[in-house]
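Colleague: Requesting a structural model of the entry that follows:
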Amino acid sequence: MRSLTSMFVAILGAAGFAASPALADEGMWTFDQLPLQRLAADHQFTPPAGWADHLRLSSVRLALGCSGSFISAQGLVLSNHHCARGCAQGLSTPTHSLMAFGFLAATSADERKCPDIEVNQLVGITHVTDQIKAATAGRSGPAFRDAERAAITVVEKGCNTGADVRCDVVTLFHGGVYDLYKYRRYQDVRLVFIPEEAAAIFGDAVVADWPLRALDMSLVRVYDHGAPLDTSANHFTFAAAPARPGDLVFVVGNPAETERLNTVAELEEERDVLLPIHMADDSEFHGLMSETARESPELAGEVSSLVFSGELEASRSTLQHRALSNTGLLAARARQETDLRARIAADSALTARYGGAWDAIAAAVSHLRQIDERFMVLEVEPQEAGLIEEAIVLVRNAAEAAKPDSERLRFYRDSSRPALRAEVLSAAPVYPEVETRKLAWLLSRLQPHLGSADPAVIALLGNESPHDLAARLVAGTRLGDVAQRQTLLDGGEAAIAASPDPLIVYVRDRWNPLSRPLRDDYEANVAAVITANSALIDQARLAVFGAGADPDATFTPRLAYGVVRGYAHGGVAMPPQTTIGEAFALDTGRDPFRLPKSWLDAKAGLDMATPLDVAFTADIVGGNSGSPLLDRDGRLVGLVFAGNDAAEGGTFGYDDTEARAIAVTVPAIRAALAHIYHADRIVREIDGE
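Modeller: Here you go, the predicted model:
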């Protein structure tokens with residue numbers, strides 16, 4: 001399940017300020033605004049000419065929510081096991097699970113196309129703030145939303161030049177800055193290598209506390225017009241020496257949405273309403289998928305990714321709630337907000353321009369509290385519920401396509417068309433029994449959240465149980481067939497209106513008439529209000545304190561930095577790194593401490609002192625999975641795959657006292673490829689031979 005919190009944040013944005021001094025290594029910096037003075041002052045490092053461009057062009061975004069990097073001249077991409085697990089699962093068969101046994105392409109001909117991975121490479125950033133603000137000047141509420149939407153549409157359409165280009169207007173400082181990000185899109189991505197799951201999550205790395213001893217890595221290759229992509233100009237090489245305690249390291253990745261600039265009203269909504277709902281639902285969904293795997297060995301492989309993501313989301317939402325429940329965090333934010341408002345109130349000109357922004361956002365949050373549960377179960381959760389998500393996209397696409405481009409929801413605009421088609425026409429396998437269970441779970445949430453007498457519950461369930469209704473809809477639908485989805489996508493309103501498919505009919509006639517007005521209400525009375533007033537608050541912050549802070553993360557390429565360092569937790573010293581030998585010492589032969597046979601067979605040829613995982617202080621959050629870890633010279637020293645428990649509070653703020661990012665080391669990656677998996681072809685390619 002997608003994080004409910006991140007879904008709300010992605011739609012509405014946030015506002016606030018951070019007036020307190022930044023910690024030394026705090027920040028997720030855009031590539032056009034790097035903290036060069038801080039790097040020079042704090043770490044005596046001044047990047048050479050071309051350094052930043054090389055890092056940006058050698059790094060990539062995996063559109064499903066991860067990061068990666070080119071590590072050879074032939075389009076080879078290094079990322080995490082958990083970022084490629086969907087590909088591995090999709091390429092598995094009932095008799096051979098790539099999750100259980102891993103995969104290595106012996107030759108280039110053996111590299112297998114992933115059904116649902118898209119790679120994006122950022123090739124340019126253009127400032128478009130003046131264009132967007134000129135269109136929205138003097139407007140508020142729905143009028144602001146409509147003007148902003150129209151202006152963004154014009155900018156994005158002017159940038160998109162084909163299916164291999166993606167252009168996104170990115171809102172930074174929540175309306176204070178607008179930038180146009182232009183990406184090259186690559187959709188022919190093929191699996192090259194993935195280790196056994198037992199090695200990738202050894203010791204249960206899903207719950208990412210430190211110390212860990214996991215090989216959370218994968219290799220895929222980008223193809224362009226049927227041949228490996230030429231990345232000879234920009235790719236990372238492996239460092240000769242490992243990163244050592246105290247070393248300065250850099251992370252290039254795509255951190256997901258953070259909420260460090262939210263107002264106190266928004267954070268209280270997260271703490272009191274959104275996260276508790278999210279925690280309960282994620283835990284229940286994880287339990288359902290885990291039970292499915294236990295009950296049905298034939299379905300265990302099909303739901304393994306759902307079990308993994310469900311556990312990850314349940315853990316993440318719990319840790320985020322713990323961070324927000326820290327009274328010190330919210331009290332500090334309240335003091336900062338009060339201070340800024342007092343400074344604004346002391347200046348009549350500033351008061352006239354910015355003084356009402358916080359109250360306007362508080363009113364929008366109050367409105368959200370009236371609709372949040374309904375919005376969650378009818379609009380947010382279906383977006384990650386399998387076939388019903390496909391039905392919603394198809395039904396809405398037909399309706400949105402009939403509108404002027406600037407009036408459509410963003411996902412349905414012409415600029416997003418290639419991404420929409422890629423999602424709808426994905427060749428990822430569909431498993432009817434799993435789809436039935438997911439849809440039944442979604443339908444079962446209606447009564448607990450809305451009440452059995454609610455008109456929406458009555459309309460959506462009728463006289464059927466959630467399971468019976470889900471079973472009937474999934475058994476009758478043909479949406480599992482890519483060709484059928486393409487027919488409905490290309491056929492538009494006429495095809496949707498004429499479709500007898502039971503899931504299309506259900507969404508078209510029963511679900512969408514209830515959820516679509518909620519979306520309109522949300523966008524007009526919550527999102528538009530918060531977006532417009534967030535921009536005012538950021539302008540107020542800049543007017544009072546000046547520039548110098550990094551913007552909240554937006555799942556776009558950012559640079560972070562820190563040092564390799566352990567920490568103390570509860571009086572216990574936590575080390576800066578772990579070793580391959582420690583993994584063997586912990587092996588019990590049973591999950592979660594079960595090393596695969598390939599490791600046991602290779603033990604005699606491995607150096608037990610080889611560093612396996614390393615902890616460091618760089619500022620990261622979810623979305624950084626798969627990010628390259630680099631030394632001062634831009635050479636690869638590791639692969640980011642997790643943050644410890646304390647790092648989950650990074651959504652709301654940075655604190656390097658205990659929070660640590662975690663990476664697999666390059667020596668471990670090299671040792672695994674060369675001595676455990678005997679991937680000689682790949683090692684030679686990485687070495688440039």
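Colleague: Next one: residue 424 relative to residue 417, how far apart?
Modeller: 11 Å (Cβ to Cβ, to the nearest Å). In this view, the C-beta of every residue, glycine as well, is placed from N, C-alpha and C.
Colleague: same check, this time on residue 506
Modeller: In terms of Cβ to Cβ, residue 506 sits 26 Å off from residue 417.
Colleague: Same drill for these two, tell me which one is more crowded.
Modeller: residue 506 (21 against 16; other Cβ atoms under 10 Å).
Colleague: any idea how far residue 35 is from the closest residue to the more buried one other than its chain neighbours?
Modeller: Closest residue to residue 506 apart from its sequence neighbours, by Cβ to Cβ, 6 or more residues apart in numbering: residue 473 at 5.9 Å. Noted for residue 473: a distance of 52 Å to residue 35, by Cβ to Cβ.
Colleague: Which one's more surrounded, those two?
Modeller: residue 473 (26 against 19).
Colleague: helices or strands up against the helix or strand encompassing that one?
Modeller: Following DSSP states H and E, the helix or strand that holds residue 473 is helix 466-476. In terms of contacts (3 or more Cβ pairs under 8 Å, 6 or more residues apart in numbering; DSSP states H and E), helix 466-476 is packed against helix 432-444, helix 502-506.
Colleague: State the next helix or strand along the chain beyond it.
Modeller: Helix 466-476 is succeeded, C-terminally, by helix 482-498 (DSSP H and E).
Colleague: Could I get the buried residue list for that next one?
Modeller: 484, 485, 488, 489, 496 (16 or more other Cβ atoms under 10 Å).
Colleague: Could you double-check that residue 185 sits in contact with residue 162?
Modeller: No - here residue 185 lies out of contact with residue 162, judged by Cβ atoms under 8 Å, at a distance of 9.1 Å.
Colleague: Neighbour count: those two, which is higher?
Modeller: residue 185 (17 against 7).
Colleague: Apart from its chain neighbours, what residue comes closest to the more buried one?
Modeller: Counting by Cβ to Cβ, 6+ apart, residue 185 lies nearest to residue 166, which is 4.8 Å off, once chain neighbours are set aside.
Colleague: same deal with residue 592?
Modeller: residue 204 (4.0 Å).
Colleague: try residue 70
Modeller: residue 235 (3.9 Å).
Colleague: Contact partners for the one you found?
Modeller: Counting by Cβ atoms under 8 Å, 6 or more residues apart in numbering, residue 235 touches 58, 69, 70, 71, 72, 73, 76.
Colleague: Next, it: secondary structure please.
Modeller: coil (DSSP: H, G, I helix; E, B strand; the rest coil).
Colleague: how much space between it and residue 190?
Modeller: 17 Å.
Colleague: same check, this time on residue 586
Modeller: Taking Cβ to Cβ, one finds residue 586 at 34 Å from residue 190.
Colleague: between these two, which one's more packed in?
Modeller: The residue with more neighbours, out of residue 586 and residue 190, is residue 190; 22 against 15, by other Cβ under 10 Å.
Colleague: what pairs with the more buried one across the strands?
Modeller: Beta-bridge partners for residue 190, by DSSP bridges, are residue 113, residue 221.
Colleague: try residue 228
Modeller: Per DSSP bridges, the residues bridged to residue 228 are residue 223.
Colleague: show me the residues around the nearest residue to residue 462 once chain neighbours are set aside that make contact.
Modeller: In space, and not counting its chain neighbours, residue 462 is closest to residue 469: 7.5 Å by Cβ to Cβ, 6+ apart. Going by Cβ under 8 Å, 6+ apart, residue 469 touches 440, 443, 461, 462.
Colleague: For PyMOL, what selects the buried ones among these?
Modeller: In PyMOL, a selection of the buried entries from the contacts of residue 469 looks like this (16+ other Cβ under 10 Å):
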select buried, resi 440+443+461
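Colleague: out of the contacts of residue 469, which one sits closest to residue 102?
Modeller: Nearest to residue 102 among the contacts of residue 469: residue 440, at 32.9 Å, using Cβ to Cβ.
Colleague: so the closest one touches residue 464, yeah?
Modeller: No - applying Cβ under 8 Å, one finds residue 440 not in contact with residue 464, separated by 10.7 Å.
Colleague: what are the phi and psi values for residue 578?
Modeller: phi -120, psi 170 (degrees, to the nearest 10).
Colleague: Pretty sure it sits against residue 613.
Modeller: Yes - judged on Cβ under 8 Å, residue 578 makes contact with residue 613 at a distance of 4.9 Å.
Colleague: Quick check: neighbours shared by those two?
Modeller: 211, 212, 213.
Colleague: Tell me how many other residues surround the last one.
Modeller: Residue 213 has 24 neighbours, counted by other Cβ under 10 Å.
Colleague: And it, how close does it get to residue 577?
Modeller: In terms of Cβ to Cβ, residue 213 sits 10 Å off from residue 577.
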